[in-house]
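# Just need the structure, nothing else, for what follows:
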Amino acid sequence: MNSLPLTPLKYKHSILVIDDEEAILDIMRMTLADQGYDLHTAGSAEEGLKILKESPNFSLIISDQIMPGMLGVQFFAQARKICPNAMRVLLTGYTDMEAIIEAVNSGGIHLYITKPWRRDELIYSINQILSRAELLIENQQLNELVKKQNAALLELNKNLEEKVRLKTLNLEQSARELKTSYERIQLILEGAELAMSKIVESRDPYTAGHEQQVAKIACTIARSMSLPNVQIEAIRIAGSLHDIGKIAVPSEILTKPGRLNKRRGNPAGSPDHWSCRCT
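Predicted coordinates:
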């Protein structure tokens, strides 16, 4: 029974152990047999590289440092290129710190274990480094998810910007069209106002300019009362057209000097109280 507390692992992990001593491989098999790992072994660095090339999905690679033909540090330098995401543990039978530092720097070693080792310490060390591997895996998955979400948000932002741009263009176009329509209507109204004013003047030339004077005085009064511009404009129009009723009155009545009698004062057959006095 292991005396050191182990961290529960979320995934099933594959482990590759490389050592030229078969006895060490047997010990590894017996030690890790009941831990639930998918264990693979190799008797040389060359065999280990071959296994990695055939299946580069190992979570953990454990290699002895002193092996015929290739040192552990040399093996890890190549294994790192084949299986870059695997955790790497170096087994060494001596405590040559310079060799260990070289292995860490050149081979990307995550952990070293000295021989001989205690069974529970080996199980604990492997458990902890695989727990670290799971954190790296989850971080990588989160990073990939963030990248995808950022890409999706970027695309959504581009689409929204394009929609806003098109909407703005449409609104600007509509505003220009409304402004043009308003200006046309304004010109039509001003033309109609001027035409009716001229008609009134032509009906009664003795009062020519009277409408403009009334409009001017009325606007002056409206401004002194601090009325809104809209109301001032309406007052101006009303002043310009206040005599528009003269259009329906015959010219001989509008231009007749003196007083109107009852007979001439009601030429259109309207009620007697419509009679007026012209001066």
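
# And the strands in this protein, which stretches?
Shown for the chain, the strands assigned by DSSP state E span residues 14-18, 38-42, 60-64, 87-92, 111-114.

# wouldn't residue 48 be in contact with residue 67 here?
No. Counting by Cβ atoms under 8 Å, residue 48 does not reach residue 67; the two are 9.3 Å apart. From N, CA and C alone the C-beta is placed, and that goes for glycine too.

# The two - which one has more neighbours?
For residue 48 versus residue 67, neighbours defined as other Cβ atoms under 10 Å are more numerous around residue 48 (28 against 21).

# Next up, the contacts around the more buried one.
Applying Cβ atoms under 8 Å, 6 or more residues apart in numbering to residue 48 gives the contacts 16, 18, 42, 61, 63, 75, 79.

# quick one: low-confidence parts of this protein?
For the chain, the stretches with pLDDT under 70 are 1-2, 94-96, 99, 103, 106-107, 203-208, 248, 251-279.

# residues near residue 73, how many?
21.

# was I right about it contacting residue 90?
Yes. The criterion here is Cβ under 8 Å, and residue 73 meets it with residue 90 at 7.4 Å.

# Tell me which of the strands of the chain lies nearest to residue 153.
Residue 153 lies closest to strand 87-92 among the strands of the chain, at 33.4 Å (Cβ to Cβ).

# Kindly state which of the strands of the chain is positioned closest to residue 173.
Counting by Cβ to Cβ, and looking across all of these, nearest comes strand 87-92 at 62.6 Å.

# Specify the angle between that closest one and strand 60-64 in degrees.
Interaxial angle, strand 87-92 versus strand 60-64 (axes from the mean of the first three to the mean of the last three Cα atoms, to 10 degrees): 20 degrees.

# domains of the chain?
Following automatic domain parsing, the chain resolves into domains at 14-136, 159-274.

# Any chance of TSV for these, columns distance to residue 142?
Formatted as TSV, those follow (distance: least, Cβ to Cβ, whole Å):
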stretch	distance to residue 142
domain 14-136	10
domain 159-274	26
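
# Out of those, which is the most enclosed?
Of all the domains of the chain, domain 14-136 has the most neighbours on average by mean count of other Cβ atoms under 10 Å, namely a mean of 17.

# How far off centre is that domain?
Counting by Cα atoms, centre = their mean, to the nearest Å, domain 14-136 is centred 46 Å from the centre of its parent chain.

# For residue 88, give its distance to residue 125.
Counting by Cβ to Cβ, to the nearest Å, the gap from residue 88 to residue 125 is 13 Å.
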